[in-house]
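**Student:** below: sequence and its predicted model.
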Amino acid sequence: MRNVILVGPMGSGKSTIGRLLAKELRLAFKDSDKEIEQRTGADIPWIFDVEGEAGFREREQAMIGELCASDGIVLATGGGAVLRSENRAALRSGGRIVYLHASVAQQLERTSRDRNRPLLHSADPGRVLSDLMLVRDPLYREIADLVVETDERPPRMVVEEILDRLHTLPPR
Ligand SMILES: Nc1ncnc2c1ncn2[C@@H]1O[C@H](COP(=O)(O)OP(=O)(O)O)[C@@H](O)[C@H]1O
Ligand SMILES: O=C(O)C1=C[C@@H](OP(=O)(O)O)[C@@H](O)[C@H](O)C1
Ligand SMILES: [Mg+2]
């Protein structure tokens, strides 16, 4: 196992659970979105405003490529990281992939408090999240080694399940 990579929709808990999991595994934690922000010197909403989603996806692909070449990290990706086939290939070769599943209702609840997800700056964020899930759920499943349910489960419990199940995975 080189790296552990978390994929899943906005509000599934990738950033939160990634940090906890890295601590348990004594690995470094990297959040693709945070790395993009540091590299760009601007936050995600600014990048979407100025460069559009297309500009963000270019930066995201470059960052995913770089981070997947690392060794010994827990990587939290952004919810759209699976959209490009180049990213899916990089993620697959980068390590074990855990899909954090969450219902749209839970995604909505967990993302309603902050404004740093530009795709949800919409009159109907629930509709946006369910439309995105239709497209992305098959892509998360396509590359996942593990699918873990996060609905109504505290982060600690999700981390425990990942730790238990990571050890039982057959070699690829
Ligand atoms: N399993 C969980 N149960 C309750 N709240 C959670 C859980 N996972 C994450 N959260 C909360 O939901 C919000 C979004 O989590 P975050 O880790 O940023 O998700 P993501 O990176 O997948 O978009 C944060 O406020 C976080 O504290
Ligand atoms: O789903 C998406 O397309 C996005 C998810 C965000 O990350 P989180 O999944 O960590 O919220 C961030 O990468 C950007 O706002 C786009
Ligand atoms: Mg995140």
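**Tutor:** Ah, there it is. Ligands and ions are numbered 1, 2, ... in the order given.
**Student:** ranges for the strands of this protein?
**Tutor:** 3-7, 28-31, 73-76, 95-101, 146-149 (DSSP state E).
**Student:** not counting sequence-adjacent ones, nearest residue to Val50?
**Tutor:** Leaving aside its chain neighbours, Val50 sits nearest to Ala42 (7.6 Å; criterion: C-beta to C-beta, 6 or more residues apart in numbering). The way it works is simple: take the backbone N, C-alpha and C, and place the C-beta from them, glycine included.
**Student:** now the strands of the chain in a markdown table, with mean neighbour count?
**Tutor:** As requested, these are arranged in a markdown table below (neighbours: other C-beta atoms under 10 Å):
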| stretch | mean neighbour count |
| --- | --- |
| strand 3-7 | 26 |
| strand 28-31 | 18 |
| strand 73-76 | 26 |
| strand 95-101 | 22 |
| strand 146-149 | 17 |
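**Student:** which of those sits closest to ligand 2?
**Tutor:** Shortest distance between ligand 2 and the strands of the chain, using C-beta to the nearest ligand atom, is found for strand 73-76: 6.6 Å.
**Student:** now the closest one, how far from the centre of its chain.
**Tutor:** 9 Å (C-alpha atoms, centre = their mean, to the nearest Å).
**Student:** which strands and helices sit next to it?
**Tutor:** With contacts taken as 3 or more C-beta pairs under 8 Å, 6 or more residues apart in numbering; DSSP states H and E, strand 73-76 sits against strand 3-7, helix 14-25, strand 28-31, helix 32-40, helix 44-68.
**Student:** how many other residues sit next to the residue nearest to Val50?
**Tutor:** Applying other C-beta atoms under 10 Å, we find 14 residues neighbouring Ala42.
**Student:** what's the closest non-adjacent residue to Ala81?
**Tutor:** Asn87 (5.4 Å).
**Student:** what's the distance between the closest residue to ligand 3 within the chain and ligand 2?
**Tutor:** Scanning the chain for proximity to ligand 3 using C-beta to the ion identifies Ser15 as nearest, at 3.4 Å. Using C-beta to the nearest ligand atom, to the nearest Å, one obtains 5 Å as the distance from Ser15 to ligand 2.
**Student:** what's near enough to touch that residue?
**Tutor:** If a contact means C-beta atoms under 8 Å, 6 or more residues apart in numbering, then Ser15 has Asp31, Asp33, Lys34, Ala76 as its contacts.
**Student:** picking up where we left off before, any chance of the strands of the chain in a markdown table, plus mean pLDDT and distance to ligand 1?
**Tutor:** As requested, those are exported to a markdown table (pLDDT from 0 to 100; distance: least, C-beta to the nearest ligand atom, whole Å):
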| stretch | mean pLDDT | distance to ligand 1 |
| --- | --- | --- |
| strand 3-7 | 98 | 8 |
| strand 28-31 | 98 | 7 |
| strand 73-76 | 98 | 6 |
| strand 95-101 | 98 | 7 |
| strand 146-149 | 98 | 10 |
